[in-house]
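J.: no sequence for this one, just the structure:
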């Protein structure tokens, strides 16, 4: 997608002599490419809508998500104003799904953000310093890599016990090693470039080089990778709640709702499938947006 | 074995001058860098590559010292050692009379303010995520200049290297050609107002026409900024064009050093002779049919014993593998040193005291001079 | 090549040791006194004293680790709080059940993923590629625990065609996959399990083969007039190491990450074992299962690496 400037006679001008002012920076280029990616835009809008609904749940939800009723247990979709029916305790499904987005999105996003900060910094340091610091950090990460992510998350939060905080700790620990690896790989590549050597030759300190030169180049691949982990994190977080770890009842959470409604598949199969559908839609959206971002941020395209 | 010959100083007095005009800008002595070669299942050190082995020379103020040699002879390692980008194994560096490093010597920061480097790979030398004026302004900012002043300086320097700041300043490296990028790198190196520049194959990757433009730019800048150059290249023509003196390296060692006229007209070392002979002549009547230098340079991990060139030298004798020749100033010009037994009349070599004849063809000198 | 292989095996040893350290630390992660953690709540004072002495809980932690590692190496992973059975025996039996699912999922997902992924790489931007890409995005986005529930709703609850849960009508002891009455039980869990590797392997195959196809030597082959089949063979051979890597990794995830699917289908594998031991806070069992699964994962990764060495001519020569 290169812009071609034409001269008065309609011939394309060579880039060297073109007079276009202020060429676009990297992030501006990314934004420009995203503007024409309608699929990604659509799913960004979808995520925004779900997030807004979750944030403003008290304004949107038609009922109190925690008010149970023995009379209205497991009512079908559309029953007496319950647009999406009721759950096994007679609570309004639509309200619970709206509120559930809070917990599910938070449990999905927080570990990725924390792990990006921690794992990214570790990788940056390991990659830039190299030597034994690199060996120490990366070999430790290798050990965490030796556990399948589900197993590690389950084992850590299983041992620590249920609860949101323990779930967040477990998920963050799961995502630190892969992010650290990506950051380390990118940093190692950048470190060998001559401009880093030139920066050293101009007398700059390691901190200055890392923050001014390296971070600028490493942030894109790390962010692309982190964005692809959001979907995984949401699936895993809901999975933990589904197993009885992470979020505890009666909190409205999609994974937890799926788990408790499982007992009722013979009575209201459709309603039982709803929380899972919500997880699926959000996970799918994040996956597609991440793919779109990757394409927009890939300089080669 | 110092070759601190009094070079007639052409440079006018500089307020930054500390040691006086007779004090060489740079003296390096006995520089040594061995790289460990790791291998085996447990990554043990199995060998060392002798990248730079006991190299000494000096550069006078205002002169251009050309350093030539085949790829892999240690030229770039030498450049990085002088810049203190790599730790030295042994040796000392003296910049304008001040020893570098140590408690009382010149700090690394001070050295790097006064000595800058331009690398070969113009693309890799610029941060792809920074507009070029920010890349140029970075050095002064590191040394405490305020943002606006550094910005102004950067734009001024871009103008000086032939890039209109309004047009190019905000551009990113991928929007520039190779020659333009190298101009930016030169501007970046000049941004700290250094007294000497190391140009490590700085024009080698450029097209011939662009190369000529950049060389002329370097010449202009040299007088404008009162600079001293260390010009590293594998291209003899370029070195001959720009240098006052020339240093020839082979496998991490200095084999010959002298004035550019002396080196090109009367080489004393068979390696220099062979390098000169391997240049392509412009005269079709003087074809070079056989390569004067056969094979690849030997491995720096296991250099040949004695004289390192002995394995490829047509004049090699048992003496050459038994004993390494010293870098001696022989007969003729006092400024001309060579590390060859042939250049030492008392060495016992059967050709001792003779200049190595051209191997490719007779009377090659006349056709090549002034290329 | 042997040299490289030996190096890889040696590198796996510290990783395996690190794995044991993490598993050992689990006991200390658990809230409360580690001695209490390893014993049933109704343990007597004498039991506690005995365990303290035998496990060396009064000694410094490195000594405790050494003792624990020594026992683990000889196959003693402690005793389950719930069943009072040796942990290793229970874990190994469960592992064999998990392998039924994992291998089943491999048989379903891998051929399909390879075929669709290659097809997509040859038809980039055209309908077959779009379809394959859509399938792979769905595969990696769908929560497999939810997919399992949906499949149960459709095939067991609505259609009544397949069983809801368990491993055969009489449990796992008489399990024989060659008999239809028991094979029926495998179908839904295997389909559920196969979803994620299907998506990931398809995506990797597509990009790996497409990458090879874009290289110049393929253009040369086409210019020489090679038939499509021959071009395909070249492309696949060159993409093989990368594909092997991801297939191996996915197999490791299948074996080690089966907890959610097994919980849904009450499939008596390691996943269900883990899930149960978490609910009952059976820490010795959790620790043992985790150790065995992680070591399996390390072993699988090592095997894949060695296999990759064997098929990659660039490494083979070194």
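T.: That came through, no problem. Keep in mind that what you see is a predicted model, and the values were worked out from it rather than measured. Numbering: from 1, shown residues only, chains lettered A, B, ... in the order given.

J.: any chance you could map the helices in chain C?
T.: Counting by DSSP state H, chain C has these helices, from start to end: C:2-29, C:34-37, C:45-55, C:61-73, C:87-122, C:127-141, C:144-151, C:180-213, C:216-223, C:228-256, C:259-264, C:270-279, C:283-311, C:313-317.

J.: CSV for those, including distance to chain B and mean neighbour count?
T.: Just so you know, the C-beta spots here come from the backbone N, C-alpha and C atoms, and that holds for glycine as well. CSV is the format used below for the helices of chain C (distance: least, C-beta to the nearest C-beta, whole Å; neighbours: other C-beta atoms under 10 Å in any protein chain shown):
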stretch, distance to chain B, mean neighbour count
helix C:2-29, 5, 16
helix C:34-37, 36, 18
helix C:45-55, 35, 13
helix C:61-73, 23, 14
helix C:87-122, 29, 20
helix C:127-141, 30, 18
helix C:144-151, 39, 23
helix C:180-213, 22, 21
helix C:216-223, 22, 12
helix C:228-256, 22, 19
helix C:259-264, 37, 27
helix C:270-279, 34, 24
helix C:283-311, 15, 21
helix C:313-317, 15, 11
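
J.: now render those helices as a markdown table, adding mean pLDDT.
T.: Listed next are those as a markdown table, based on pLDDT from 0 to 100:
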| stretch | mean pLDDT |
| --- | --- |
| helix C:2-29 | 85 |
| helix C:34-37 | 70 |
| helix C:45-55 | 74 |
| helix C:61-73 | 84 |
| helix C:87-122 | 91 |
| helix C:127-141 | 89 |
| helix C:144-151 | 88 |
| helix C:180-213 | 87 |
| helix C:216-223 | 79 |
| helix C:228-256 | 86 |
| helix C:259-264 | 88 |
| helix C:270-279 | 87 |
| helix C:283-311 | 87 |
| helix C:313-317 | 58 |
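
J.: turn these into a markdown table, columns for distance to chain A.
T.: As requested, the helices of chain C are exported to a markdown table (distance: least, C-beta to the nearest C-beta, whole Å):
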| stretch | distance to chain A |
| --- | --- |
| helix C:2-29 | 3 |
| helix C:34-37 | 9 |
| helix C:45-55 | 17 |
| helix C:61-73 | 14 |
| helix C:87-122 | 11 |
| helix C:127-141 | 4 |
| helix C:144-151 | 3 |
| helix C:180-213 | 9 |
| helix C:216-223 | 17 |
| helix C:228-256 | 3 |
| helix C:259-264 | 5 |
| helix C:270-279 | 4 |
| helix C:283-311 | 5 |
| helix C:313-317 | 19 |
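
J.: residue A:124 reaches residue A:210, doesn't it?
T.: Yes - under the criterion of C-beta atoms under 8 Å, residue A:124 is in contact with residue A:210, at a separation of 6.2 Å.

J.: tell me which of the helices of chain C sits nearest to residue B:244.
T.: Counting by C-beta to C-beta, residue B:244 lies closest to helix C:216-223 out of these; the figure is 46.1 Å.

J.: other SSEs contacting that closest one?
T.: In this structure, helix C:216-223 makes packing contacts with helix C:228-256, judged by 3 or more C-beta pairs under 8 Å, 6 or more residues apart in numbering or on different chains; DSSP states H and E.

J.: distance between the helix it packs on and the chain's centre?
T.: Averaging C-alpha coordinates over helix C:228-256 and over its chain gives two centres that are 17 Å apart (C-alpha atoms, centre = their mean, to the nearest Å).

J.: list the helices and strands it packs on?
T.: Applying 3+ C-beta pairs under 8 Å, 6+ apart, we find helix C:228-256 packed against helix A:149-160, helix C:87-122, helix C:180-213, helix C:216-223, helix C:283-311.

J.: with distance to residue B:36 added, can I get the ones you listed in JSON lines?
T.: Rendered in JSON lines, the data for the helices and strands packed on helix C:228-256 read as follows (distance: least, C-beta to C-beta, whole Å):
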{"stretch": "helix A:149-160", "distance to residue B:36": "37"}
{"stretch": "helix C:87-122", "distance to residue B:36": "43"}
{"stretch": "helix C:180-213", "distance to residue B:36": "36"}
{"stretch": "helix C:216-223", "distance to residue B:36": "37"}
{"stretch": "helix C:283-311", "distance to residue B:36": "26"}
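
J.: so for stretch A:197-206, mean pLDDT?
T.: For stretch A:197-206, the per-residue pLDDT values average out at 88.

J.: and the next helix or strand past the lengthiest helix in chain A?
T.: Here the longest helix in chain A is taken by residue count, with DSSP H as the criterion, and it is helix A:93-129. Secondary structure here is assigned by DSSP states H and E; on that basis, the next helix or strand after helix A:93-129 toward the C-terminus is helix A:131-145.

J.: hmm, that following helix touching chain C?
T.: Yes - if you take C-beta under 8 Å from any C-beta of the partner chain as the test, helix A:131-145 does meet chain C, through A:139, A:140, A:142, A:143, A:144.

J.: could you give the number of residues near residue C:269?
T.: 28 (other C-beta atoms under 10 Å in any protein chain shown).

J.: now it, nearest residue through space, not along the chain?
T.: Counting by C-beta to C-beta, 6 or more residues apart in numbering or on different chains, the nearest residue to residue C:269 once its immediate chain neighbours are dropped is residue C:98, at 3.4 Å.

J.: wait, isn't the one you found in contact with residue C:259?
T.: No - in this structure residue C:98 lies outside contact range of residue C:259 using C-beta under 8 Å: 9.7 Å.

J.: pull up the overlap in contacts between the two.
T.: By C-beta atoms under 8 Å, 6 or more residues apart in numbering or on different chains, residue C:98 and residue C:259 have these common neighbours: C:270, C:271.

J.: circling back to that earlier point, quick one: closest of the helices of chain C to residue A:220.
T.: Closest to residue A:220 of those, according to C-beta to C-beta: helix C:180-213, at 18.8 Å.
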